[in-house]
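Chemist: Structure, please.
(one chain, ligands or ions: 1)
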Amino acid sequence: MEKPFIIDLHTDIASNVLEATGKDISRRYSLHEGTPKVPGVVANNNVDLPRLRGGGVKLVFTSIFALDKKSLDELIKIDQKEYNFDKLKGIKFGIEAANEQMSYYQKVFRKYPDQVVNVKTKSDFANSKKTNKVGFLIHLEGVDYIDKDLKVLQKFYDLGARSLALTWRNRNKFGSGNNTQGGLTTTGKKLIKRVRKLGMIFDLAHANEETFWETVKIVDFPIIVSHTLCKALCDNSRNLSDEQIKAVAQKGGVLGMAAIPDYIGGDTLERYVDHFEYIINLVGDDYVAFGTDFDGLVGPEDTFMEGFTGSDGFPNVIKVFQKRGFSQKTVDKICFKNAERIILNNLK
Ligand SMILES: [Zn+2]
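Modeler: Presented below is the predicted three-dimensional model:
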């Protein structure tokens, strides 16, 4: 079989390296190798350069994940049913964490210029396709540290960030995440406009329903929900209802399917592929892609799907697509064409 060409819309490499594994991404680590620096956090090694190359990944969205301490304290009070927020108590917070993670990516770009390229523009992406390099597109996940005047946004844009989500599970000055109540704020609206103007991708992952719908009402460009799944198949606050899936499709957006058994509602590749098939049956094959959430710091960390424990496992998922009778055209759309459309529509 010809090697697949994959775009993965969500991974958390920097926070994984800095808070948990300390790994060197140029070598392949076994799944739980390493002793986490933060007590309670589990070492998951889903992503490294050998795995990315082995899985045919051409472009990976890599997050800067940074909450304010205040947001975490509120989450700990609100709800611990879905997620053990206590685990995050020892991580770095706010702008300090964000700066450190951005510096980490800069170091990777300097250290491995022949293996990795920071994708910031359409032409960076087009050029990377002609080489063997893996593109890293830096995503800002949980942006509590961005100020009302958006000066910090400009700074992170200048340093190479090209994708952003308003919130993690918490509420902040921009909107409300999937474990909190509340909608999009005026500052949130301003942020979305600026993101679009700068040529960044806008991501509704982790938004709660209110924030989701208020955002959908005002955007007139293709958005993503980078790591989600179908609520109809697994009822969880991170997953999307049929109406939400239709709304993203109507905007020409794309949904990245997370590779996390607890949100999939099962730990088999067959069950994972059910989510892709569900979306295709609901809105067609132009709106679904991969958004694994690999290297996520915590979460239901001990369970991964057999055959898909890291970025080298994409060919195994593709085999299940083929077994289900997905056409080559559909497989290509899921693997990269749908995500590529978002890149061409949003980056400069
Ligand atoms: Zn996330």
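Chemist: Run through the strands of the stretch 101-250 of the chain in chain order.
Modeler: Taking DSSP state E, counting those that start in this stretch, the strands of the stretch 101-250 of the chain run over residues 116-118, 134-143, 161-165, 201-203, 224-228.
Chemist: just these: most buried one?
Modeler: Mean neighbour count (mean count of other C-beta atoms under 10 Å) peaks for strand 224-228 among the strands of the stretch 101-250 of the chain, with a mean of 30. (C-beta placed from N, C-alpha, C; glycine too.)
Chemist: Kindly calculate the angle that that strand makes with strand 134-143.
Modeler: 90 degrees (axes from the mean of the first three to the mean of the last three C-alpha atoms, to 10 degrees).
Chemist: Can you give the distance of strand 224-228 from its chain's centre?
Modeler: Relative to its chain's centre, strand 224-228 lies at 6 Å (C-alpha atoms, centre = their mean, to the nearest Å).
Chemist: and it, what does it pack onto?
Modeler: The contact analysis (3 or more C-beta pairs under 8 Å, 6 or more residues apart in numbering; DSSP states H and E) places strand 224-228 against strand 6-11, strand 161-165, strand 201-203, helix 242-250, strand 254-257.
Chemist: where does the stretch 51-200 of the chain dip in pLDDT?
Modeler: 79 (pLDDT under 70).
Chemist: what's the longest helix in the protein?
Modeler: For the chain, the helix that runs over the most residues, judged by DSSP state H, is helix 94-111.
Chemist: is it possible to export the helices and strands packed on strand 224-228 to TSV including distance to residue 347?
Modeler: Shown next, in TSV, are the helices and strands packed on strand 224-228 (distance: least, C-beta to C-beta, whole Å):
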stretch	distance to residue 347
strand 6-11	13
strand 161-165	6
strand 201-203	7
helix 242-250	19
strand 254-257	14
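Chemist: Looking at these, spot the one closest to residue 121.
Modeler: Nearest to residue 121, of all the helices and strands packed on strand 224-228, is strand 161-165, at 8.4 Å by C-beta to C-beta.
Chemist: For residue 319, which three-state class applies?
Modeler: Using DSSP: H, G, I helix; E, B strand; the rest coil, the structure places residue 319 in helix.
Chemist: one step back: in the longest helix of the chain, what's buried?
Modeler: Using 16 or more other C-beta atoms under 10 Å as the test for burial, helix 94-111 gives 94, 95, 97, 98, 99, 100, 101, 102, 104, 105, 108.
Chemist: likewise stretch 204-221?
Modeler: Neighbour count says stretch 204-221 has 204, 205, 206, 207, 208, 209, 211, 212, 214, 215, 216, 219 buried, by 16+ other C-beta under 10 Å.
Chemist: For stretch 40-55, measure first residue to last.
Modeler: 30 Å (C-alpha to C-alpha, to the nearest Å).
Chemist: one step back: what's the offset of the longest helix of the chain from the middle of its chain?
Modeler: Distance, stretch centre to chain centre, for helix 94-111: 17 Å (C-alpha atoms, centre = their mean).
Chemist: Check stretch 251-260 too.
Modeler: Using C-alpha atoms, centre = their mean, the offset of stretch 251-260 from its chain centre is 9 Å.
Chemist: buried residues in that stretch?
Modeler: 253, 254, 255, 256, 257, 258, 259, 260.
Chemist: My understanding was that the second one contacts residue 227; is that so?
Modeler: No. With contact defined as C-beta atoms under 8 Å, residue 254 does not reach residue 227; the gap is 11.6 Å.
Chemist: Run the angle between the longest helix of the chain and strand 161-165 for me.
Modeler: Helix 94-111 runs at 140 degrees relative to strand 161-165, counting by the same axes, to 10 degrees.
Chemist: now for whatever helix or strand residue 271 lives in, which elements pack on it?
Modeler: Counting by DSSP states H and E, the element that carries residue 271 is helix 269-283. Using 3+ C-beta pairs under 8 Å, 6+ apart, the elements in contact with helix 269-283 are helix 242-250, strand 254-257, helix 261-264, strand 288-290, helix 314-323.
Chemist: Please verify my assumption that residue 238 contacts residue 231.
Modeler: No. Residue 238 is not in contact with residue 231 according to C-beta under 8 Å; the separation is 9.0 Å.
Chemist: higher neighbour count, these two?
Modeler: residue 238 (25 against 18; other C-beta atoms under 10 Å).
Chemist: residues touching the more buried one, list them.
Modeler: Neighbouring residues of residue 238 by C-beta atoms under 8 Å, 6 or more residues apart in numbering: 178, 205, 206, 227, 228, 229, 258, 263.
Chemist: that older thread, considering the buried residues of helix 94-111, which is situated nearest to residue 198?
Modeler: Closest to residue 198 out of the buried residues of helix 94-111 is residue 102 (16.0 Å), distances taken as C-beta to C-beta.
Chemist: Settle this for me: that closest one is touching residue 140, isn't it.
Modeler: No. Under the criterion of C-beta under 8 Å, residue 102 makes no contact with residue 140, lying 9.4 Å away.
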